[in-house]
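Participant: let me see the structure of the following:
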Amino acid sequence: MRPLIGFTPSNMGIFKLAFSHKSNPSDKAYAMQNNERLEFLGDAVLGTIVAEYLFIKYPNADEGFLTKMRSKIVKRNTLNKIGDKMGLDMLLQDYSQTRLSRSMLGNAVEALVGAVYLEKGYPATKRFVIRKILRNYVDVHELESYDDNYKSQLLEWCQKNGQTVSYKLVARYKFEKRDRFKVAVMVDNKKVATADDFNKKSAEQTASEKAMVILGILADSGENNFTEEEEEEEENVD
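Facilitator: Predicted coordinates:
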């Protein structure tokens, strides 16, 4: 754990909990059974640190630019990539008795930030996030010109090519006790791609990205490959 976070935790239980998925068998003697509460805390702390980091880094940037940059850094796909590069899959395998999905990596990043915050407080957590996460795994300058609004890009392409684009809610179902949305993107009223997410707008963005790959507008980055678990989810709601 020390190489990952830069110090030896005094409360190792909190850090083990950060990598414990809620599908694990519960122990009623333990107050917190999984990393959901740490994820909630870490999400808020991470968002604040990233906002402060960008505020200082771009002293002349307006609120709109700062908001977009923060969104690009803390969005699920980015956190999943960071978790993968940090090797959090190995820790999740150690402390979670369940099959891993890509979304668990981003959740674990947030839970880890929450654990560091509880252990060390805000100033030390800010140093950890900036030194261990942002500087190592996020190319902020590359993100400046990176357009991740795939809905907007697909709409622009369709308009240039005299085609229409629309979105259809295919299914709404429960997964891990939460509402999950399956959305299809339609080009000229033909289904091109589908995507699932806990947020409808996020599902539309992912479906748009997949559609752009299928239509040859965007190169396939490999980000849309399903895990075995996610493929089963697709089958279950069709």
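Participant: C-alpha from now on. contacts and neighbour counts both.
Facilitator: Will do.
Participant: which positions within the lengthiest helix in the chain qualify as buried?
Facilitator: If you go by DSSP state H, the chain has its longest helix at helix 36-57. Within helix 36-57, the residues that count as buried by 16 or more other CA atoms under 10 Å are 36-39, 41-43, 45-47, 49-51, 53-55.
Participant: equivalent analysis for stretch 189-199, please.
Facilitator: Neighbour counts over stretch 189-199 (16+ other CA under 10 Å) mark Val192, Ala193, Thr194, Ala195, Asp196, Asp197, Phe198 as buried.
Participant: narrow these to those in helices?
Facilitator: Among these, no member falls in helices (DSSP H).
Participant: which ones among those are found in strands?
Facilitator: Val192, Ala193, Thr194, Ala195, Asp196, Asp197 (DSSP state E).
Participant: distance of the residue nearest to Thr125 when sequence neighbours are not counted relative to Pro9?
Facilitator: Distances taken as CA to CA, 6 or more residues apart in numbering put Tyr117 closest to Thr125, at 5.4 Å, once the chain neighbours are dropped. Distance of Tyr117 to Pro9, computed by CA to CA, to the nearest Å: 11 Å.
Participant: please say which of the two ends up with more neighbours.
Facilitator: Of the pair Tyr117 and Pro9, Tyr117 is the one with more neighbours under other CA atoms under 10 Å, namely 21 against 16.
Participant: residues contacting the more buried one?
Facilitator: Residues near Tyr117 by CA atoms under 8 Å, 6 or more residues apart in numbering: Gly42, Val45, Ala124, Thr125.
Participant: using a markdown table, lay out the ones in strands among the buried residues of stretch 189-199 together with pLDDT.
Facilitator: Output for those, formatted as a markdown table (pLDDT from 0 to 100):
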| residue | pLDDT |
| --- | --- |
| Val192 | 95 |
| Ala193 | 95 |
| Thr194 | 95 |
| Ala195 | 92 |
| Asp196 | 90 |
| Asp197 | 86 |
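Participant: list the contacts of the most centrally placed residue in the chain.
Facilitator: For the chain, Arg76 is the residue whose C-alpha lies nearest the centre (CA atoms, centre = their mean; 1.4 Å). Shown in contact with Arg76 (CA under 8 Å, 6+ apart): Ser103, Gly106.
Participant: show residues contacting the longest helix of the chain.
Facilitator: Applying CA under 8 Å, 6+ apart, the contact partners of helix 36-57 are 18, 21-22, 61, 66, 69-70, 73-74, 107-115, 117, 126, 129-130.
Participant: using PDB, write out every CA atom in it.
Facilitator: The C-alpha trace of helix 36-57 is given here as PDB (Å, rounded to 0.1, in the frame of the first residue of the first chain):
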ATOM      1  CA  GLU A  36     -19.700   3.100  -1.300                       C
ATOM      2  CA  ARG A  37     -19.500   5.600   1.600                       C
ATOM      3  CA  LEU A  38     -15.800   6.200   0.900                       C
ATOM      4  CA  GLU A  39     -16.600   6.600  -2.700                       C
ATOM      5  CA  PHE A  40     -19.200   9.300  -1.900                       C
ATOM      6  CA  LEU A  41     -16.700  11.100   0.300                       C
ATOM      7  CA  GLY A  42     -13.800  10.800  -2.200                       C
ATOM      8  CA  ASP A  43     -16.000  12.000  -5.000                       C
ATOM      9  CA  ALA A  44     -16.600  15.300  -3.200                       C
ATOM     10  CA  VAL A  45     -13.000  15.700  -2.000                       C
ATOM     11  CA  LEU A  46     -11.600  14.900  -5.500                       C
ATOM     12  CA  GLY A  47     -13.900  17.400  -7.200                       C
ATOM     13  CA  THR A  48     -12.800  20.100  -4.700                       C
ATOM     14  CA  ILE A  49      -9.100  19.400  -5.200                       C
ATOM     15  CA  VAL A  50      -9.400  19.300  -8.900                       C
ATOM     16  CA  ALA A  51     -11.300  22.600  -8.900                       C
ATOM     17  CA  GLU A  52      -8.700  24.300  -6.800                       C
ATOM     18  CA  TYR A  53      -5.900  22.900  -8.800                       C
ATOM     19  CA  LEU A  54      -7.400  24.200 -12.100                       C
ATOM     20  CA  PHE A  55      -8.300  27.500 -10.500                       C
ATOM     21  CA  ILE A  56      -4.600  28.100  -9.700                       C
ATOM     22  CA  LYS A  57      -3.200  26.600 -12.900                       C
END
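Participant: since that was my last question, I'll sign off now.
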